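Colleague: Sequence and predicted structure are below.
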Amino acid sequence: MFALQAAVINFQLWVRSETACQKREGYLEWPDYFMAVAVLTAQRSKDPNTQVGACIVNPENKIVGIGYNGMPIGCSDDVMPWGKTASNELDTKYPYVCHAELNAFVNKNSADVKGCRIYVTLFPCNECAKLIIQAGIKEVIFVSDKNHDKSEVKAAKRLFDLTGITYTRFTPKRRQLVVDFD
Ligand SMILES: O=c1[nH]c(=O)n([C@H]2C[C@H](O)[C@@H](COP(=O)(O)O)O2)cc1CO
Ligand SMILES: [Zn+2]
């Protein structure tokens, strides 16, 4: 019985070393990987309506900053308002929430982000566009452009066009990427 098991194990090892001679197929390619990081990061957001993730990547394909939309440090998620509308604008989320892009910049782990690209799950607003420009980001890759008819996004595109920053809708290689902790 023991001898048989040993033989099976040896055989499996042999099969493994045979297949290991060639590069694995179906691996996660860079663009899908970076956008998946942005999508996963968005899952940290407490915003009940729109969760946004951002991932800054340098020209060597190293991630140098990630962020999601959330309340400023020290402002409790349980105390701050999360609604979109209220009789007083001060009782909505808008004056308080930090955008995902802003958080990605302040979380950066490199001296600067010049020449980097940013993967975002939602097209940046004009305020984030200004940050992107001033920081020296060269390329924006986005998933959703659901606010395309809003002035914030129209202004952002105008700023990107003027400054030569490219913005491209993300086209994934694969439709789905499952994270399974089992
Ligand atoms: O550039 C952005 N980055 C970003 O993180 N956000 C966040 C702020 C809010 O929490 C949320 C937008 O909420 P809503 O879709 O309900 O208006 O997305 C919104 C924008 C605007 O496009
Ligand atoms: Zn923004």
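Modeller: Sure, I can see it. Ligands and ions are numbered 1, 2, ... in the order given.
Colleague: what ranges do the strands span in the protein?
Modeller: Secondary structure of the chain (DSSP state E): strands at 53-57, 63-68, 117-122, 139-144, 166-169.
Colleague: what angle separates the third one from strand 63-68?
Modeller: Between strand 117-122 and strand 63-68, the angle comes out at 20 degrees (axes from the mean of the first three to the mean of the last three C-alpha atoms, to 10 degrees).
Colleague: Who are the packing partners of strand 117-122?
Modeller: Applying 3 or more C-beta pairs under 8 Å, 6 or more residues apart in numbering; DSSP states H and E, one finds that strand 117-122 contacts helix 30-42, strand 53-57, helix 100-106, strand 139-144. For every residue, glycine as well, the C-beta is placed using N, CA and C.
Colleague: With the fourth one instead?
Modeller: Packed against strand 139-144 by the contact rule (3+ C-beta pairs under 8 Å, 6+ apart) you find helix 30-42, strand 117-122, strand 166-169.
Colleague: Can you add distance to ligand 1 and mean neighbour count and give those back as a markdown table?
Modeller: Formatted as a markdown table, the entries for those read as follows, by distance: least, C-beta to the nearest ligand atom, whole Å; neighbours: other C-beta atoms under 10 Å:
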| stretch | distance to ligand 1 | mean neighbour count |
| --- | --- | --- |
| helix 30-42 | 9 | 19 |
| strand 117-122 | 5 | 26 |
| strand 166-169 | 12 | 13 |
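Colleague: one step back: a markdown table for the strands of the chain, including mean pLDDT?
Modeller: Listed next are the strands of the chain as a markdown table, based on pLDDT from 0 to 100:
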| stretch | mean pLDDT |
| --- | --- |
| strand 53-57 | 99 |
| strand 63-68 | 98 |
| strand 117-122 | 98 |
| strand 139-144 | 98 |
| strand 166-169 | 98 |
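Colleague: I'm done for today, thanks for sticking with me.
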